[in-house]
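Q: coords below, sequence missing:
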């Protein structure tokens, strides 16, 4: 499995979006870092599956902490992070 960052899906409150794809290219999990600053809130990190299951990984005071939680989640899976060139 490979995690791919999708900067083309980012914008607005979506600060980070990664898709985890299996060997056939099927998306098995999505990972998001989201900002709620526009409404006076913090930053959230969560995952979603194609079947609609959402898992909230945490709320954080800074985007740095939220991105660290996202990286920690990626590292906890059997997938590898692919860096785009």
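A: Right, received. Where do you want to start? Since we're looking at a predicted model, the values are computed, not measured.
Q: so for stretch 29-47, what's the average pLDDT?
A: Confidence over stretch 29-47, taken as the mean pLDDT, stands at 92.
Q: and it, which residues are buried?
A: In terms of neighbour count (16 or more other Cβ atoms under 10 Å), stretch 29-47 has its buried residues at 29-35, 42-47. Any C-beta I mention is one placed from the backbone N, CA and C, and that applies to glycine too.
Q: taking these one by one, which sit in strands?
A: Filtering these for membership in strands, criterion DSSP state E, returns 29-35, 43-47.
Q: Reformat those as TSV; add distance to residue 2.
A: Shown next, in TSV, are those (distance: Cβ to Cβ, whole Å):
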residue	distance to residue 2
29	11
30	13
31	12
32	17
33	19
34	22
35	26
43	25
44	24
45	19
46	20
47	16
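Q: For stretch 5-18, which outside residues touch it?
A: Residues from elsewhere that reach stretch 5-18, judged by Cβ atoms under 8 Å, 6 or more residues apart in numbering: 3-4, 19, 30-36, 38, 43, 63, 66-67, 70, 74, 81, 83-84.
Q: again, but for stretch 47-66
A: Taking contacts as Cβ under 8 Å, 6+ apart, the residues outside stretch 47-66 that touch it are 15-16, 27-35, 41-46, 69-70, 73.
Q: Ok, stretch 70-85 next?
A: Residues external to stretch 70-85 that are found in contact with it (Cβ under 8 Å, 6+ apart): 1-5, 7, 16, 18, 20, 29, 31-33, 45, 47, 57.
Q: Could I get the full set of helices for the protein?
A: Assigned helices in the chain, in chain order: 63-76 (criterion: DSSP state H).
Q: Contact partners for the residue of the chain positioned farthest from its centre?
A: Within the chain, the residue lying farthest from the chain centre (Cα atoms, centre = their mean) is residue 40, at 21.2 Å. With Cβ under 8 Å, 6+ apart as the criterion, no residue contacts residue 40.
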